[in-house]
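In: Give me a 3D structure for the following:
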Amino acid sequence: MMDRFKGFWQGVMLTPFVRLFIRLGISPDLVTLVGTVGVSAGALIFFPQGMLLTGVLFITAFVFSDLIDGQMARTLGRTSKFGAFWDSTLDRIADGAIFGALALYFAGPGDSYLYLCLTLYCLVMGSVTSYARARAESLGMDAKGGLAERADRLVLILVATGLSRILDLPVLLHAALWILVVANTATVVFRVRKVYRQAVAEDEAALPQG
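Out: This next block holds a predicted model:
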């Protein structure tokens, strides 16, 4: 869903940063690493202390590295298998830090066992969503699609977390977690069914024709 906006951000808003980093000789892989460290630090330092808005603002300052590094690699003609692997691996770390930090928030100042559990569920299912696609592609099958792509999950949880503090409405964060529980579950089910149909079709095609 959010992927449709990538062209706008990469082509208009982030181009000056891409050109600056290239001029400074900074590598795309380094941008990916710094972005991940920034996102993880912002989440793990501020969220557990209840400083949700500060954490969201800090994270937002680094989260666009996910768009910048890819555009830099394409501009430099350095797209590589390692770059794709590096980016995907660090994405899992950043996502884990955000949801793990929110879980610590609900275990501390947020004081809610229910939403602690929901946050951990979103953490696990978000990872399963990404793993299902990666594993399917390693087997030569397609598992794209579903309700909760990574960009959708990230935007929803960060916007809801920030607004819950700005408007003093914790229910916004609670609602976002419930939405992600449903969306993540539906996405995993969708991808499993999609791969199952492809696997069955391949197995049938491989049977001897009598």
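
In: Which of the helices and strands in this structure ranks last by mean pLDDT?
Out: Least confident helix or strand of the chain, by mean pLDDT, DSSP states H and E, is helix 6-8 with a mean of 51.

In: For the most centrally placed residue in the chain, give me its contacts.
Out: In the chain, the centroid-proximal residue (Cα atoms, centre = their mean) is R150; its distance is 3.6 Å. With contact set as Cβ atoms under 8 Å, 6 or more residues apart in numbering, R150 has these partners: D91, D95, G126, T129, S130. Any C-beta I mention is one placed from the backbone N, CA and C, and that applies to glycine too.

In: Just the buried ones from these, in ChimeraX syntax?
Out: Buried residues within those, by 16 or more other Cβ atoms under 10 Å, are selected in ChimeraX with:
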select :91,95,126,129,130
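
In: In the contacts of R150, find the pair that's most separated.
Out: D91 and T129 (11.6 Å; Cβ to Cβ).

In: which residues of this protein fall in strands?
Out: Assigned by DSSP state E, the chain shows no strands.

In: mind listing the helices for it?
Out: Taking DSSP state H as the criterion, the chain contains helices spanning 6-8, 15-23, 28-46, 52-63, 65-76, 81-107, 113-138, 150-166, 170-206.

In: Now render the ones you listed as a markdown table, adding distance to K144.
Out: Below are the helices of the chain laid out as a markdown table (distance: least, Cβ to Cβ, whole Å):
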| stretch | distance to K144 |
| --- | --- |
| helix 6-8 | 15 |
| helix 15-23 | 26 |
| helix 28-46 | 22 |
| helix 52-63 | 22 |
| helix 65-76 | 17 |
| helix 81-107 | 14 |
| helix 113-138 | 6 |
| helix 150-166 | 12 |
| helix 170-206 | 8 |
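
In: Can you give me the neighbour number for the residue lying closest to G55 once chain neighbours are set aside?
Out: Excluding the flanking residues, the one nearest G55 by Cβ to Cβ, 6 or more residues apart in numbering is F46, at 3.3 Å. Using other Cβ atoms under 10 Å, F46 has 20 neighbouring residues.

In: same thing with the one 10 residues further on?
Out: Around V56 sit 26 other residues, with neighbours defined as other Cβ under 10 Å.

In: any weak-confidence spans in this structure?
Out: Flagging of the chain using pLDDT under 70 yields the residue ranges 1-13, 209-210.

In: With distance to D66 added, can I get the contacts of R150 in CSV?
Out: Compiled in CSV, those are given as follows (distance: Cβ to Cβ, whole Å):
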residue, distance to D66
D91, 7
D95, 11
G126, 15
T129, 16
S130, 13
